[in-house]
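> whatever this is, show me its structure:
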Amino acid sequence: MQNTKRAIYVPGKDAWYSLGAYVRAVKKAKANPDAMFSCTICSWASGRGRDIMREFMDGVMDRINQGIPYTKRGKREYILRQVQKAKRGD
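Down below sits the predicted model:
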């Protein structure tokens, strides 16, 4: 069985982080809403913890509204099939 780690891309740092590191950073931002951080999730500019939490929640809501199963995210074939089904009215 292959041991794979989940990774999340953070555009603000232009880097990939393990899910654990990402969760720790978001928890730190949530615990310190008035603290300044070197960058936010979406921007290289510095921002407060509350800005990071807003961007985090915007991302959560976006993923919920996409309605794509987690295992299929980013898979072009799945997205194209869903678009074709919607056009057919299935």
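> just say helix, strand or coil for the residue most central in space within the chain.
Centroid-nearest residue in the chain, with CA atoms, centre = their mean: G59, separated by 5.3 Å. When classified by DSSP: H, G, I helix; E, B strand; the rest coil, G59 comes out as helix.
> pretty sure I41 is one of the things it touches, is it not?
Yes: between G59 and I41 there is a contact at 7.0 Å, judged by CB atoms under 8 Å. (Each C-beta comes from the backbone N, C-alpha and C, glycine too.)
> average model confidence for stretch 53-70?
Per-residue pLDDT values over stretch 53-70 give a mean of 84.
> just use 33 as the starting number from now, easier for me
Sounds good: first residue 33 from here, last item stretch 85-102.
> and that stretch, which residues are buried?
The neighbour-count check on stretch 85-102 (16 or more other CB atoms under 10 Å) flags M85, R86, E87, F88 as buried.
> adding distance to I96 and secondary structure, write these out as CSV.
CSV is the format used below for the buried residues of stretch 85-102 (distance: CB to CB, whole Å; DSSP: H, G, I helix; E, B strand; the rest coil):
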residue, distance to I96, secondary structure
M85, 16, helix
R86, 16, helix
E87, 15, helix
F88, 13, helix
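> identify, from those residues, the entry nearest to Y54.
F88 (9.4 Å; CB to CB).
> I figured the closest one hits T72, correct?
No: using CB under 8 Å, F88 is not in contact with T72; the gap is 9.3 Å.
> which residues of the protein fall in helices?
51-63, 81-98, 108-120 (DSSP state H).
> show the contacting residues for I40.
W48, Y49, S50, L51, Y54 (CB atoms under 8 Å, 6 or more residues apart in numbering).
> one more time with 7 Å
Y49, L51, Y54 (CB atoms under 7 Å, 6 or more residues apart in numbering).
> can you say which of those residues are buried?
For the contacts of I40, buried by 16+ other CB under 10 Å: Y49, Y54.
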